[in-house]
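> Prediction below, plus the sequence it came from.
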Amino acid sequence: ADPSKVWAVSANQSVDVPSITNDSSAYNNASGIGLGYKNSLAIVAQGNGTTTAAGAARAYGGGSQSDWYLPTTAELNLLCQWARNVAQSVTTPCTGGALNTGTGFGAGFSPDDYWSSSESAGNTAWAQNFATGPQLNYLKGYAGYVRPVRAF
């Protein structure tokens, strides 16, 4: 099961991560693909350890790999589409289909909010709701789900 974590430790819950651009709306663009690794490194370097979303993603060691990270809004949107078995397009919101909550390959998602590594302001970051698909921003102290990903 995916863990539930805050986005940032209390000392960093109102602080911008300097190298992450604040997005006033969910940034679902092809240039957002691949930024999650850089974002995750910056979030962890700010003092956010394994009790946080990015820290837990970076600490994950599945498949004996060490390059796991917290996805951006664009990467998370594609993952939501894949988990709902709908056509994947980075610029199209995740809607339709049925969420695969079972076991096995591509499954096990909670019908709830998953954190992205994308910030919306100093005290908020973007998450994706896998139950219905919208991307929303939440206070960084909110406990959302974490699904580590690797570069593809």
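Here it is on my side, so go on.

> going forward, measure contacts and count neighbours with C-alpha atoms only.
Fine.

> Now Ser25: closest residue in space that isn't a chain neighbour?
Leaving aside its chain neighbours, Ser25 sits nearest to Ser120 (7.3 Å; criterion: Cα to Cα, 6 or more residues apart in numbering).

> Also Thr92?
Nearest to Thr92 is Asn28, by Cα to Cα, 6+ apart, at 7.8 Å.

> Check Thr50 too.
Ala56 (4.4 Å).

> how about the helix or strand that neighbour falls within as CSV, C-alpha atoms only?
Per DSSP states H and E, Ala56 falls inside helix 53-59. Output in CSV follows, covering the C-alpha atoms of helix 53-59 (Å, rounded to 0.1, in the frame of the first residue of the first chain):
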residue,chain,number,x,y,z
ALA,A,53,6.4,12.7,0.4
ALA,A,54,9.6,13.5,-1.5
GLY,A,55,11.8,12.0,1.2
ALA,A,56,9.8,8.8,1.3
ALA,A,57,9.8,8.6,-2.6
ARG,A,58,13.6,9.1,-2.7
ALA,A,59,14.2,6.5,0.1
